[in-house]
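K.L.:
Any chance you can model this:
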Amino acid sequence: MSSLKYSQLNYIARYLKKNIDKDGFLYYFLSLVKRRPLSFPVAVLYSLWVSRQLTGCSWPIVVRFSGKLIPVNISAKSANVVVKGNLVIESWQNGTTPISISLGSAASLIIDGDFTIGQGVKILATSGASIFLGGRKNSSGSGITCDSMIMACERIHIGHDVIVAWGVYITDSDWHAIEGKNAAEPVVIGEHVWISHDVSVLKGANIGKGSIIGAKSLVVGAIPDRCFAAGVPAKTIKENISWSR
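P.N.:
Below you'll find the model as predicted:
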């Protein structure tokens, strides 16, 4: 691996972890070498390939894997993709269900900061639609756990430091005409929001910053800042809450 002694390697790793905002790539590189020295070259090559499929560029490598390598199916040849940070692919409970990212012509996907997605996540934006995913900013992480779906026909905005749990569905459209109409309405999820397991966030939803949505809820309208909301449809249950990851 190198002529460095293991204790020296640990010292460097601790230093880089303390300065992860400045030396995040080096910390990631070293942690991968320590954790799986034999499969490391394969992980780098696959990260390079997935990054190129997503952004159209070979460098910098913006996709990295934490744990098992998960199949990632990408269709984004004529879309605008910007990744300001790292898209981290994480295997939860050793899962390997493929991830799908499908972006139509002139669609937009912006990832602003380090953002994590787990196995089985599906991201879809039709032609001309836009999706914004806010990454880690002030908390320990931001992302989608696994087996969740984001489907945009117009615009979906997810703020920084947001947790999206298992089995969540977020969409800005009905996807089928009802009484001859199928108008999309933007979805906005504020910063530092926690969306619990099996929640559905439908078109026109606006979730205020710092709020929590209880498990199995249905969000169809506006949820104020810093509140706990739950139910079908979701309603405010408690106000002026605070939470941390």
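K.L.:
Tell me the spacing between the residue nearest in space to the middle of the chain and Ser78.
P.N.:
Nearest to the geometric centre of the chain sits Gly143, at 3.7 Å (CA atoms, centre = their mean). Applying CB to CB, to the nearest Å, the value for Gly143 to Ser78 is 26 Å. Backbone N, C-alpha and C define where each C-beta goes, glycine included.
K.L.:
need the contact list for Ile101.
P.N.:
With contact set as CB atoms under 8 Å, 6 or more residues apart in numbering, Ile101 has these partners: 54, 72-76, 109, 122-123.
K.L.:
Next: Gly204.
P.N.:
Gly204 is in contact with 172, 185-187, 220-221, counting by CB under 8 Å, 6+ apart.
K.L.:
Look up which residues are beta-bridged to Ile74.
P.N.:
Per DSSP bridges, the residues bridged to Ile74 are Ile101.
K.L.:
wait, what's in contact with it?
P.N.:
Per CB under 8 Å, 6+ apart, neighbours of Ile74: 50, 53-54, 100-102.
K.L.:
Show the pLDDT at it.
P.N.:
With respect to pLDDT, Ile74 scores 95.
K.L.:
In this structure Lys233 contacts Gly214, no?
P.N.:
Lys isn't right for residue 233; it's Pro. No - under the criterion of CB atoms under 8 Å, Pro233 makes no contact with Gly214, lying 11.9 Å away.
K.L.:
Val162: neighbouring residues, count only.
P.N.:
When counting by other CB atoms under 10 Å, one arrives at 26 neighbours for Val162.
K.L.:
Pull the contacting residues for it.
P.N.:
Contacts of Val162 (CB under 8 Å, 6+ apart): 134, 142-143, 189, 191-195.
K.L.:
what's the lowest-pLDDT member of these?
P.N.:
Across the contacts of Val162, the bottom pLDDT score, 91, is held by Ser142.
K.L.:
what about that one, how many neighbours?
P.N.:
By the measure other CB under 10 Å, the count of residues near Ser142 is 29.
K.L.:
ok, it touching Ile111?
P.N.:
No - look at Ser142 against Ile111 with CB under 8 Å: they stay out of range, at 9.8 Å.
K.L.:
what do these two both touch?
P.N.:
Taking CB under 8 Å, 6+ apart as the criterion, Ser142 and Ile111 both touch Gly135.
K.L.:
What's opposite the residue nearest to the centre of the chain in the beta bridge?
P.N.:
Partner residues in beta bridges with Gly143, using DSSP bridges, are Thr116, Ile163.
K.L.:
mind listing what it touches?
P.N.:
88, 90, 115-118, 135, 162-164.
K.L.:
Let's see that with 7 Å instead.
P.N.:
Counting by CB atoms under 7 Å, 6 or more residues apart in numbering, Gly143 makes contact with 115-117, 164.
K.L.:
which of the residues you listed count as buried?
P.N.:
115-117, 164 (16 or more other CB atoms under 10 Å).
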